[in-house]
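J.: Would you be able to build a 3D model of this:
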Amino acid sequence: MWLLTLALVADTVHTFSLALSAAESVAVTVTGTGRPVVLVPGLFGGYRAVIPLLTAAGYRAIVVEPLGIGSSARPEHADYSLTAQADRIAAALDRLSVRQAIVVAHSLGASMAFRLAYRRADLVAGIVSLDGGPAESAATRAFRRAMKLAPWIRLFGGVKLVRKKIRGQLIRASGDSSWVTEGVVDGYTAGAAHDLDATLKAFLAMAERREPERLRPHLGEVRCPVRLLLGTATHEGGIGAEEVAVLAAALPAFVVDSVPGAGHFLHEEQPAAVLAAVRRLQASEGPLPPGVEGGYNSPRHDPSRAVEPAPRRGDR
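T.: Down below sits the predicted model:
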């Protein structure tokens, strides 16, 4: 336990595997000191460009990679539902003694964050969603189609084909794709490439898993403020207009911020916009209880900041 405490207070970067059970462990990265900001990735990508900005601004950045994603374990028979993933994030934060954190979540990670917020309100002071909505399944139609190719990737393509496919996906999903370098793609695919067979099996399990509990009926229980960041550039993937409308109607405190020129990977294309959203969310909070580095008072929905979702191309 003292190792976890050390990781939370040190200025240096600590990356470690946090065992949640005999078969399940999640990769965690902790750096900086101050108010905790928990970062939840989607299926691909990380927060390499955001973390230095957060720590320089006086935040403690805590990345929790869900099971089967990034460097986390990929047990074959695990429950890969979004609900189970949210509960694992909660267990990790309990182990790290984190409470009332600002949660930044990208794409599919946002659905986990919403579930975390209503299931464990004590852990979440606010949510910054990066182009992520109230997904009821870990697999979009495009994801399911891609998984049909999994046997052929194993037999004939391997890691080289996976990297090529992911690179193309990152470019199509970006407004400014200059960040998609070979080095970045290698970093994004390192966890999957370490055990490609286990990765494909985990993704197949995600695609096939039915949720034990639907999210939408519980959105009204998400009492913390939520800011949704949308890039204005035409791009593949991301949240649709219907999902934005669902969030606006159900969430007690919801604001949409547009990010000009950005696509789906806002944390890579314009990381400063993510930091600005975290600061705006924190500014909306009231005084914190003594000794608590969290807490919130939900602001009213500010329609003057709402924008129409950016146009999308391609099948989500």
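J.: give me the beta-bridge partners of residue 61?
T.: residue 31, residue 37 (DSSP bridges).
J.: I figured it hits residue 51, correct?
T.: Yes. Between residue 61 and residue 51 there is a contact at 4.7 Å, judged by CB atoms under 8 Å. Yep, even glycine has a C-beta here, placed from its N, CA and C like the rest.
J.: pLDDT score for the residue lying closest to residue 176 once chain neighbours are set aside?
T.: Nearest residue to residue 176 in three dimensions, chain neighbours excluded: residue 269, at 5.1 Å (CB to CB, 6 or more residues apart in numbering). We have a pLDDT of 96 for residue 269.
J.: Equivalent analysis for residue 98, please.
T.: The model's pLDDT for residue 98 equals 97.
J.: mind starting the numbering at 55 from now?
T.: I'll keep to 55 as the first residue from here, and by that count the last item is residue 152.
J.: Assess the claim that it and residue 91 are in contact.
T.: No. With contacts counted by CB under 8 Å, residue 152 stays clear of residue 91, the gap being 10.0 Å.
J.: neighbour-wise, which of the two wins?
T.: The residue with more neighbours, out of residue 152 and residue 91 and counting by other CB atoms under 10 Å, is residue 91; that gives 30 against 22.
J.: Who are the contact partners of that one?
T.: 108, 113, 114, 115, 116, 155, 156, 157, 158, 332 (CB atoms under 8 Å, 6 or more residues apart in numbering).
J.: Against residue 101, how distant is it?
T.: 10 Å (CB to CB, to the nearest Å).
J.: Now for these two: what residues contact both?
T.: 115, 158.
J.: what about residue 191, how many neighbours?
T.: Neighbours around residue 191, by other CB under 10 Å: 18.
J.: got it, and residue 274?
T.: Quick note: residue 274 (other CB under 10 Å) scores 12 neighbours.
J.: cool, and residue 255?
T.: 18.
J.: Is the residue nearest to it when sequence neighbours are not counted in a helix, a strand, or coil?
T.: In this structure, residue 255 finds its nearest non-sequential neighbour in residue 130, 5.5 Å apart by CB to CB, 6+ apart. When classified by DSSP: H, G, I helix; E, B strand; the rest coil, residue 130 comes out as coil.
J.: Pull the contacting residues for residue 130.
T.: 252, 255, 256, 259.
J.: got a pLDDT number for residue 256?
T.: Taking residue 256 on its own, its pLDDT is 85.
J.: mind listing what the residue nearest to residue 230 touches?
T.: Per CB under 8 Å, 6+ apart, neighbours of residue 323: 228, 229, 230, 233, 285, 315, 316, 317.
J.: top of the residues you listed by neighbour count?
T.: residue 317 (29 neighbours).
J.: and that residue, that one's in a strand?
T.: No. Counting by three-state DSSP, residue 317 is not part of a strand but coil.
J.: Distance check, it against residue 232.
T.: For residue 317 relative to residue 232 (CB to CB), the value is 12 Å.
J.: same deal with residue 253?
T.: The value you get for residue 253 to residue 232, if CB to CB is used, is 27 Å.
J.: Show me where this structure dips below the pLDDT cut-off.
T.: 55-65, 194-213, 340-370 (pLDDT under 70).
J.: Residues in contact with both of residue 115 and residue 105, list them for me.
T.: 83, 85, 86, 93.
J.: Any chance of a ChimeraX selection covering the buried ones in the residues you listed?
T.: Per 16 or more other CB atoms under 10 Å, the buried members of the shared contacts of residue 115 and residue 105 correspond to this ChimeraX selection:
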select :83,85,86,93
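J.: what two of the shared contacts of residue 115 and residue 105 are the furthest from one another?
T.: 86 and 93 (11.5 Å; CB to CB).
J.: shared neighbours of these two, anything?
T.: By CB under 8 Å, 6+ apart, the residues touching both residue 86 and residue 93 are 105, 115.
J.: Check which helices and strands the helix or strand harbouring residue 336 sits against.
T.: According to DSSP states H and E, residue 336 maps onto helix 325-337. Packed against helix 325-337, as judged by 3 or more CB pairs under 8 Å, 6 or more residues apart in numbering; DSSP states H and E, are the following elements: helix 105-110, strand 155-160, strand 178-184, strand 280-285, strand 308-313, helix 320-323.
J.: at 6 Å instead, please
T.: strand 178-184, strand 280-285 (3 or more CB pairs under 6 Å, 6 or more residues apart in numbering; DSSP states H and E).
J.: relative to strand 178-184, how tilted is that helix?
T.: 150 degrees (axes from the mean of the first three to the mean of the last three CA atoms, to 10 degrees).
J.: List the buried residues of helix 325-337.
T.: Those would be 325, 327, 328, 329, 330, 331, 332, 334, 335, 336, for helix 325-337 by 16+ other CB under 10 Å.
J.: what angle separates it from strand 155-160?
T.: 150 degrees.
J.: Show me how far stretch 277-287 is from its chain's centre.
T.: For stretch 277-287, the separation from the chain centroid amounts to 13 Å (computed by CA atoms, centre = their mean, to the nearest Å).
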